[in-house]
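Chemist: Turn this into a structure:
(one chain, ligands or ions: 1)
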Amino acid sequence: VPSATDRFLEGMVRYYADRAPLYDRSMGYDRPEAIAAHARIVEFLIAQLRGKDVLEVAAGPGFWTSLLAPHCRTIVATDVNAATQAEARKKLGAAGNVTLQLADAYDLTNVRPTNTGAFAVDWWSHVPKSKLPVFLDALHGRVAAGARVVMVDQLDTRDHPDLSVRRDHEGNKIEVRRLPGDRSYEIIKNYPTEVELVASVGERGQDPSYLHDLPASRWAFAYTVRRAPL
Ligand SMILES: C[S@@+](CC[C@H](N)C(=O)[O-])C[C@H]1O[C@@H](n2cnc3c(N)ncnc32)[C@H](O)[C@@H]1O
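Modeler: You can find the predicted model right below:
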């Protein structure tokens, strides 16, 4: 019998598969002013990952991949959904240093282990609290010691508490999302603080760096992977 958490994970995969052709437009990624609003976040990502061999998790339709590709040595852009990867292929087909690969963020064993950097945008918020260690261990198993990791996600900028928000038994926020055709999905969407991010990475990371970017309504969090001596 699947647990409640498993059901949210499945709903999340289906929601983004169904949203794939609409995704970039719904995020404003086809408008220059929306792209300009993310300038500081993009600058932060580039500064952390410049020249590296990078693993991208939950790359989706590849908007961020395409912004980072000119600045990284190589990128392996992974996602669990073939539908989102098909969208990414349309924009990244010509980028010679990008490889698209299907991979589950909770089990990245099929991905090359030699990455010197990693990132994910709008992924952390969807990871159930109980699965954060599984994700981080999977990710850190695919990077070299000393690799730099960057997570970027959204700030909760509502100026009053949303009383309609539900929480599950782990304390994850549950949001109802709708798509055309009267389709609805329940997904997890968390808004961690800097303190919570540092605590989740814990002993796995060092040298944290945090950016709180109100104009873009986003946070970015970077750290270096610490490897215990064998
Ligand atoms: C909010 S979208 C972000 C996409 C992309 N990073 C961007 O910002 O444009 C979340 C992505 O997570 C992917 N996803 C969902 N569950 C996943 C899993 N278990 N492993 C890897 N990717 C997953 C979805 O297919 C979707 O592309």
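
Chemist: show me where the chain has strands.
Modeler: 53-56, 74-79, 98-102, 115-121, 143-154, 166-167, 173-179, 183-188, 205-213, 218-225 (DSSP state E).

Chemist: Relative to Glu10, which of these is closest?
Modeler: strand 183-188 (9.8 Å; C-beta to C-beta). (C-beta placed from N, C-alpha, C; glycine too.)

Chemist: okay, now the closest residue to Leu67 other than its chain neighbours: neighbour count?
Modeler: Excluding the flanking residues, the one nearest Leu67 by C-beta to C-beta, 6 or more residues apart in numbering is Val42, at 5.6 Å. By the criterion of other C-beta atoms under 10 Å, Val42 has 18 neighbours.

Chemist: And for Val134?
Modeler: Neighbourhood size, Val134 [other C-beta under 10 Å]: 14.

Chemist: tell me the contacts of the residue in the chain positioned nearest to the ligand?
Modeler: Closest residue of the chain to the ligand, C-beta to the nearest ligand atom: Gly60 (2.5 Å). Neighbouring residues of Gly60 by C-beta atoms under 8 Å, 6 or more residues apart in numbering: 16, 20, 23, 79, 81, 84, 87-88, 122.

Chemist: Quick check: phi and psi at it.
Modeler: Note on Gly60: its backbone torsions stand at phi 60, psi -140 [degrees, to the nearest 10].

Chemist: coming back round to it: and the ligand, which of the contacts of Gly60 contact it?
Modeler: 16, 79, 81, 84, 122 (C-beta under 6 Å from any ligand atom).

Chemist: what sits against the fourth one?
Modeler: When you say that, I think you mean Thr84. Per C-beta under 8 Å, 6+ apart, neighbours of Thr84: 16-17, 20, 23, 59-61.

Chemist: export those to JSON lines and tack on pLDDT?
Modeler: As requested, the contacts of Thr84 are exported to JSON lines (pLDDT from 0 to 100):
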{"residue": "Tyr16", "pLDDT": "95"}
{"residue": "Ala17", "pLDDT": "95"}
{"residue": "Ala20", "pLDDT": "96"}
{"residue": "Tyr23", "pLDDT": "96"}
{"residue": "Ala59", "pLDDT": "98"}
{"residue": "Gly60", "pLDDT": "98"}
{"residue": "Pro61", "pLDDT": "97"}
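
Chemist: Thank you kindly, that will do.
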